[in-house]
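In: Need a 3D model of the sequence below.
(2 chains)
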Amino acid sequence: MSLSKQADEGITFDTFMEGIWRQNPVFVMVLGMCPTLAVTVSAENAISMGLATSFVLVSSCLLVSLIRNVVPKEVRIATYIVIIATFVTLVDYLIQAVSLKLYEALGAFIQLIVVNCIILGRAEAHASKNPPLKSVVNALGMGIGFTIGLLALGATREILGAGKLFGITLFGEQFQPWVVMVLPPGGFFVLGGWLLLFSLLRSRKAAIEGGHSHE
Amino acid sequence: MNDSVSLIFISTLLTNNFVLAMFLGLCPFLGVSGRLDTALPMGIATTFVMLVASLCAYGLNQLLGYFNLEFLRLISYIVVIASSVQLVEMVMKKYSPALFRALGIYLPLITTNCAVLGVALFQTAREYDLSQSLAFSFGGGAGFTLALVLMASLRERLQLANVPTLMQGTALSLILAGLLSLTFMGFAGLGAGE
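Out: As a prediction, this is how the structure comes out:
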């Protein structure tokens, strides 16, 4: 799909769904992995991080899209970074005010949202070329896709590593937690496992479609 | 915080390795680790940016604290990091154009390397003084380079191996990284007796 064609099209359902399924930031593009892996030790942390990132993503895409014709091309990346950093500072203080416990659990990773490749990537690839409403819809989809990805990882790691989901114990007392899953290596293993699952599904789908075309 | 300089260095290099234990700087870790001869320069360039960023962040933090402008911390850190990356880019373009081309897009992307911003943020959060900050950033950079080089060596060997088609690509890299991370957990407790 060429870029000019993309800009000419109106807002379609795909503008929204793109981030959730076809271009899912976690499972398909494998972007923004540092927060993805670092904070997903529990489902609760994962959701909070996903929501914080989505907020920054949507608001910075809106602003970037609004000023897209004013900013000179040479300084655009610097401008985007400053915009993103401003919103992240906002979220940082907001979380600190709302829940100190959450703030301590996420730690420096809230501030590290600034360098999350998804946000800069979306600002550069989509918001800087499209009208505000469309980029907000797209950013919202991306944000939700990212949150779903984080939740999938966080839930898997929490269930395997602690036998809990959202802090509620799932199994009986005999359950032996698979501790390594909540430790750093577990993050890599679980994301690797999810990617494997997705490539398995993709190859199955391709095999089925290939089979049909032969008939 | 009054950890000794050497303890900070060893702990960021091995026990709390930036990439394998703290998940910082994963994008270049997975992106540039395909070949050993680009992994090493990338690690060194990142280490240099980290040292500069850490030094600037320390100075900036004092300045912002003096004027009570702490809410500008994040924005000013990012600007400082972006400028130092630009500096490294210019130096590398002049003295080693081949390397500059090999690193390609990953060089400007050091700006959005979480490890660099992470150094600045963590040293502020832990209230390190100047020498501690430098040890922290140097250890972090060396740890990043170590992880990158190890990963690149593994992946170079893997190119000769017969891997199931499904596993190829990112999934395999992630599982490898997990194994590497598991190995590094063996360093846990190092220096804890002090």
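
In: Helix or strand: which one has residue 45?
Out: Since no chain was named, I'll use chain A. Using DSSP states H and E, residue A:45 sits within helix A:43-66.

In: You answered for a different chain; I wanted chain B.
Out: Taking DSSP H and E as the definition, residue B:45 sits inside helix B:36-67.

In: Pull out the buried residues from that helix.
Out: By neighbour count on 16 or more other CB atoms under 10 Å in any protein chain shown, the buried set for helix B:36-67 is B:38-39, B:41-58, B:60-61, B:64. C-betas here are computed from N, CA, C, even on glycine.

In: repeat for stretch A:174-192
Out: Buried residues in stretch A:174-192, counted by 16+ other CB under 10 Å: A:180-192.

In: just these that are near chain B?
Out: Counting by CB under 8 Å from any CB of the partner chain, A:180, A:183-189, A:191-192 from those sit close to chain B.

In: which stretches of chain B have low pLDDT?
Out: In the predicted model of chain B, residues B:1-2, B:104-106, B:189-194 satisfy pLDDT under 70.

In: quick one: the helices in it?
Out: Secondary structure of chain B (DSSP state H): helices at B:5-10, B:26-31, B:36-67, B:73-95, B:97-103, B:114-125, B:130-158, B:170-184.

In: right, and the helix or strand after the helix holding residue A:45?
Out: Beyond helix A:43-66 on the C-terminal side, the first helix or strand identified by DSSP H and E is helix A:76-98.

In: give me the number of residues near residue B:90?
Out: For residue B:90, the neighbour count with other CB atoms under 10 Å in any protein chain shown is 11.

In: Show me the residue at the heart of chain A, geometrically.
Out: In chain A, the residue lying closest to the centroid (CA atoms, centre = their mean) is residue A:146, at 2.3 Å.

In: isn't that one right up against residue A:118?
Out: Yes. The pair residue A:146 and residue A:118 qualifies as a contact (CB atoms under 8 Å) at a distance of 6.3 Å.

In: Common neighbours of these two, please.
Out: Between them, residue A:146 and residue A:118 have A:25, A:32, A:53, A:57 as joint contacts when contacts are counted by CB atoms under 8 Å, 6 or more residues apart in numbering or on different chains.

In: okay if I get the residues you listed as CSV plus distance to chain B, neighbour count and pLDDT?
Out: What follows is these, written out as CSV (distance: CB to the nearest CB, whole Å; neighbours: other CB atoms under 10 Å in any protein chain shown; pLDDT from 0 to 100):
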residue, distance to chain B, neighbour count, pLDDT
A:25, 12, 29, 76
A:32, 8, 28, 72
A:53, 13, 26, 89
A:57, 14, 31, 90
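
In: now the residues you listed as JSON lines including distance to residue B:146?
Out: Compiled in JSON lines, the shared contacts of residue A:146 and residue A:118 are given as follows (distance: CB to CB, whole Å):
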{"residue": "A:25", "distance to residue B:146": "28"}
{"residue": "A:32", "distance to residue B:146": "24"}
{"residue": "A:53", "distance to residue B:146": "29"}
{"residue": "A:57", "distance to residue B:146": "33"}
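
In: Need the max-distance pair from the buried residues of stretch A:174-192.
Out: Within the buried residues of stretch A:174-192, A:182 and A:192 form the most distant pair, 15.9 Å apart (CB to CB).

In: Spit out the contact partners of residue A:27.
Out: Taking CB under 8 Å, 6+ apart as the contact definition, residue A:27 lies against A:149, A:194-195, A:198.

In: Quick check: of those residues, which has the highest neighbour count?
Out: Counting neighbours by other CB under 10 Å, residue A:149 leads the contacts of residue A:27 with 25 neighbours.

In: picking up where we left off before, of the helices of chain B, give the one that comes closest to chain A.
Out: Nearest to chain A among the helices of chain B is helix B:170-184; the distance by CB to the nearest CB comes to 3.2 Å.

In: ok, the closest residue to residue B:73 other than its chain neighbours to residue A:121 distance?
Out: Among residues not flanking residue B:73 along the chain, residue B:64 sits closest, at 5.8 Å (CB to CB, 6 or more residues apart in numbering or on different chains). According to CB to CB, to the nearest Å, residue B:64 and residue A:121 sit 29 Å apart.

In: Turn the contacts of residue A:27 into TSV, columns for distance to chain B and pLDDT.
Out: Output for the contacts of residue A:27, formatted as TSV (distance: CB to the nearest CB, whole Å; pLDDT from 0 to 100):
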residue	distance to chain B	pLDDT
A:149	14	88
A:194	9	86
A:195	4	85
A:198	9	83
